[in-house]
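>>> Here you go, sequence then predicted model.
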Amino acid sequence: MISIHGLTKRFGDFQALAGVELEVPEGSVQGLLGPNGAGKTTTVRVLTTLLEPDAGEVTVAGHSVRTAGHLVRRNLGVSGQYAAVDDKLSGFENLTMVGELYGMRRSQAKARARELLRDFRLDDVADSKQAGSYSGGMKRRLDLAGAIVARPPVVILDEPTTGLDPRGRRDTWDAIESLATSGTTVLLTTQYLEEADQLADKIAVIDAGAIIAEGTATELKAQAGGAWIDIVIAPGSDGAAALAAARRTAQDAMLDERSRRLTARATGGSDAFRAVLHALADAQVDVAEAALRQPTLDEVFLRLTGSTATEAGAEADSEAHDDGAGDADVRDGDSRDSDGHDGERSPEPSRARRLQTTGSSERSGDAAETGATESPDGEPDKTSKVVVS
Ligand SMILES: Nc1ncnc2c1ncn2[C@@H]1O[C@H](COP(=O)(O)OP(=O)(O)OP(=O)(O)O)[C@@H](O)[C@H]1O
Ligand SMILES: [Mg+2]
């Protein structure tokens with residue numbers, strides 16, 4: 001239903017899209033997952049005919065964005081990264097206007113607006129208030145409702161829940177799920193693995209303008225090495241003793257001394273978690289927080305690219321690999337031996353998988369535990385490459 005083949009786009013000398021490949025079958029929900037600056041919105045802008053591609057074949061419902069833009073737009077509903085609603089109109093007026101723009105009769109448009117306002121839990125403010133007075137989450141939901149007024153067969157949602165509170169996110173997820181149930185083909189971009197996990201049948205991971213991995217959430221998490229043990233050592237407890245205890249019981253144990261965060265691979269799930277907690281107790285280490293958690297987007301990226309999603313040009317600027325004591329650098333499945341120390345590191349540039357991003361501050365906690373650094377200037381490195389095995 002959506003087909004993207006060899007899509008490239010440059011802005012000046014910056015290669016924003018470097019050969020995107022994506023096929024979205026009819027009736028499926030496709031997640032496009034990537035950090036800031038990965039190329040999600042640029043892809044969406046090409047799909048919605050707002051931006052002309054430099055090269056590549058892009059079709060929506062069988063129509064080329066180059067040669068049949070009007071047919072693409074007729075088949076498409078879009079909710080952009082920033083809600084586009086008319087602040088002066090009420091929610092009801094906004095949706096009615098959209099319906100009329102799509103060629104509905106006024107009575108039809110009004111009925112459809114009512115239906116959507118109910119679905120998106122906006123009916124109590126729909127008439128009395130101008131949309132300008134709505135909260136960010138309410139505007140977002142109104143914008144999303146606007147995207148589906150005309151029941152388009154394909155809906156594209158660019159970061160539909162960024163900036164929403166948990167309730168707003170839940171409501172939006174519900175709305176997207178009901179869209180999917182109705183047979184609509186959905187492409188949604190997100191920075192959150194759990195969101196893609198919740199909503200998408202398949203996830204494509206985009207990085208530096210190219211798709212670097214595809215699969216279900218479970219497959220991607222498995223590629224990232226499965227679940228992790230995440231423990232914060234209580235102040236006053238001995239970090240070195242904690243690390244030694246964790247290393248005796250679990251693989252890939254690491255300690256970030258600054259945050260006192262100890263992480264290790266939870267091979268075997270909760271058994272491994274219990275074993276580490278027992279080992280820490282035996283070593284007289286007090287624990288402030290403890291969790292068994294699924295890999296984050298950062299860890300998926302780390303596995304796929306050798307860098308976390310929060311890591312940027314700093315690493316890519318230097319060809320120097322570390323001395324084996326740190327963990328910030330290339331860390332892929334076959335580069336470590338079973339006791340958690342780095343094994344053979346791969347010095348040749350072709351295996352130095354990298355990710356350039358503009359950094360995503362909410363993930364900085366994850367960056368700390370993997371030893372990654374924030375981009376100093378947010379400027380993506382234009383020369384480094386992502387090599388996917
Ligand atoms: N009009 C433009 N001119 C120059 N550079 C641009 C333009 N639009 C996008 N870019 C650059 O292209 C890259 C990809 O941007 P894009 O907006 O597609 O990222 P994104 O994945 O949507 O990120 P975010 O999660 O922050 O929305 C970024 O480095 C961005 O700075
Ligand atoms: Mg974007």
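Happy to help now that I have it. Keep in mind that what you see is a predicted model, and the values were worked out from it rather than measured. Ligands and ions are numbered 1, 2, ... in the order given.
>>> what does the stretch 151-300 of the chain have sitting close to ligand 1?
Neighbours of ligand 1 within the stretch 151-300 of the chain, by C-beta under 6 Å from any ligand atom: Q191. Using the backbone N, CA and C atoms, a C-beta is placed for each residue, glycine as well.
>>> Let's see that with 8 Å instead.
For the stretch 151-300 of the chain, the residues in contact with ligand 1 (C-beta under 8 Å from any ligand atom) are 158-159, 162, 189, 191, 206, 209.
>>> how about stretch 74-81: buried residues?
74-80 (16 or more other C-beta atoms under 10 Å).
>>> List of residues touching it?
41, 44, 47-48, 60-61, 63, 140, 143-144, 146-150, 152-160, 162, 189 (C-beta atoms under 8 Å, 6 or more residues apart in numbering).
>>> circling back: farthest pair within the residues of the stretch 151-300 of the chain next to ligand 1?
The span of those, defined through C-beta to C-beta, is set by T162 and G209 at 20.0 Å.
>>> quick one, which of the two is more surrounded?
G209 (25 against 16; other C-beta atoms under 10 Å).
>>> Hmm, that one is touching K40, no?
No. If you go by C-beta atoms under 8 Å, G209 and K40 don't touch, sitting 10.0 Å apart.
>>> list the contacts for the one residue in the stretch 1-150 of the chain that gets nearest to ligand 2?
Using C-beta to the ion, T41 is the residue of the stretch 1-150 of the chain that sits closest to ligand 2, at 3.1 Å. With contact set as C-beta under 8 Å, 6+ apart, T41 has these partners: 81, 158, 189.
>>> thinking again about what came up before, buried ones among the residues of the stretch 151-300 of the chain next to ligand 1?
158-159, 162, 189, 191, 206, 209.
>>> Return, as residue ranges, the portions of the stretch 251-389 of the chain with sub-threshold pLDDT.
297-298, 305-389 (pLDDT under 70).
>>> Would you mind listing what in it touches ligand 2?
Listed as neighbours of ligand 2 in the stretch 251-389 of the chain under the rule C-beta under 5 Å from the ion: no residues.
>>> how near is whichever residue of the stretch 101-250 of the chain sits closest to ligand 1 to V72?
Closest approach between the stretch 101-250 of the chain and ligand 1, counting by C-beta to the nearest ligand atom: Q191, at 5.7 Å. Counting by C-beta to C-beta, to the nearest Å, the separation of Q191 from V72 is 26 Å.
>>> In strands only, show me the buried ones among the residues of the stretch 151-300 of the chain next to ligand 1.
158, 189, 206 (DSSP state E).
>>> hmm, back to that, of the contacts of stretch 74-81, grab the buried ones for ChimeraX.
Buried residues within the contacts of stretch 74-81, by 16+ other C-beta under 10 Å, are selected in ChimeraX with:
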select :41,44,47,48,60,61,63,140,143,144,146,147,148,149,150,152,153,154,155,156,157,158,159,160,162,189
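>>> Which strand or helix spans A240?
In the assignment (DSSP states H and E), A240 maps to helix 239-249.
>>> can you give me the offset of that helix from its chain's centre?
33 Å (C-alpha atoms, centre = their mean, to the nearest Å).
>>> Give me the domain ranges for this protein.
If you go by the TED database, the domain ranges for the chain are 2-85+134-221, 228-293.
>>> How far does the longest one sit from its chain's centre?
So that's domain 2-85+134-221. For domain 2-85+134-221, the distance to the chain centre is 11 Å (C-alpha atoms, centre = their mean).
>>> so for it, what's the average pLDDT?
Per-residue pLDDT over domain 2-85+134-221 has a mean of 91.
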